[in-house]
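Undergrad: model this:
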Amino acid sequence: MTDMFSKEKRSEIMSRVRSKSGLDRTVHNWLCGVHIKHKMYPKVEMNPDILLEGPNVYVFLDSCFWHGCPLHFREPKSSSAGIDWRAKIRKNIERDKKRVMLPYKWIQVWEHDIRSGKYKDILLKVVFYSKNSGEIADEGN
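TA: Predicted structure coming up:
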């Protein structure tokens with residue numbers, strides 16, 4: 001069955017779909033619980049997952065698999081349904097490298113930091129340092 005939309009239009013439509021992963025919900029629920037003001041999925045360049053409103057820092061929650069975590073990434077052994085996962089992951093990694101050019105402050109939080117609970121310390125550090133010194137700890141850029 002052929003798609004009723006052009007490849008470009010389908011890409012535009014799909015780029016607007018934001019799935020809420022368990023990782024996103026975990027971080028969101030914790031931020032709400034400790035009363036840190038934040039906004040999920042702010043509409044800015046490169047689509048960060050969270051804006052921490054006090055320090056005005058954007059947070060990228062990155063999956064170890066999809067973003068090529070240096071500690072946990074395992075290259076897929078095969079492609080399924082004709083999809084080249086290796087190419088998709090390489091494209092994500094290349095896009096992520098462009099974050100250094102972003103005009104705003106941001107940090108990266110890996111999936112393994114969320115699963116281990118380390119993300120709490122990372123985000124508290126960002127909020128604490130911004131309130132006390134006007135700067136953030138060097139987590140992302």
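
Undergrad: contacts, neighbours, all on C-alpha from now
TA: Will do.

Undergrad: what's around Gly68, how many residues?
TA: 20 (other CA atoms under 10 Å).

Undergrad: and the gap between Asn92 and Phe5?
TA: When CA to CA, to the nearest Å is the yardstick, Asn92 and Phe5 sit 24 Å from each other.

Undergrad: Name the residue in these two with the higher neighbour count.
TA: A count of neighbours by other CA under 10 Å puts Asn92 above the other of Asn92 and Phe5, at 14 against 10.

Undergrad: so who does that one touch?
TA: By CA atoms under 8 Å, 6 or more residues apart in numbering, the contact set of Asn92 is 66-67.

Undergrad: Let's verify it: helix, strand, or coil?
TA: Assigned by DSSP: H, G, I helix; E, B strand; the rest coil, the conformation of Asn92 is helix.

Undergrad: any idea how far it is from His67?
TA: 6 Å.

Undergrad: Also Glu94?
TA: 9 Å.

Undergrad: ok, those two, which is more surrounded?
TA: Between Glu94 and His67, His67 has the larger neighbour count (other CA under 10 Å), namely 21 against 12.

Undergrad: List phi and psi for the more buried one.
TA: phi -110, psi 10 (degrees, to the nearest 10).

Undergrad: Return the residues in contact with it.
TA: His67 neighbours (CA under 8 Å, 6+ apart): 89, 92-93, 96.

Undergrad: Separate out the buried members of the residues you listed.
TA: Among those, those classed as buried by 16 or more other CA atoms under 10 Å are 89, 96.

Undergrad: ok, of the contacts of His67, which one's closest to Leu52?
TA: If you rank the contacts of His67 by distance to Leu52 using CA to CA, Asp96 comes first, at 19.6 Å.

Undergrad: For the residue nearest to Lys131 when sequence neighbours are not counted, the count of nearby residues, please.
TA: In this structure, Lys131 finds its nearest non-sequential neighbour in Pro55, 7.1 Å apart by CA to CA, 6 or more residues apart in numbering. Using other CA under 10 Å, Pro55 has 19 neighbouring residues.

Undergrad: isn't Pro55 right up against Val127?
TA: Yes: at 6.0 Å, Pro55 and Val127 qualify as touching, with contact defined as CA atoms under 8 Å.
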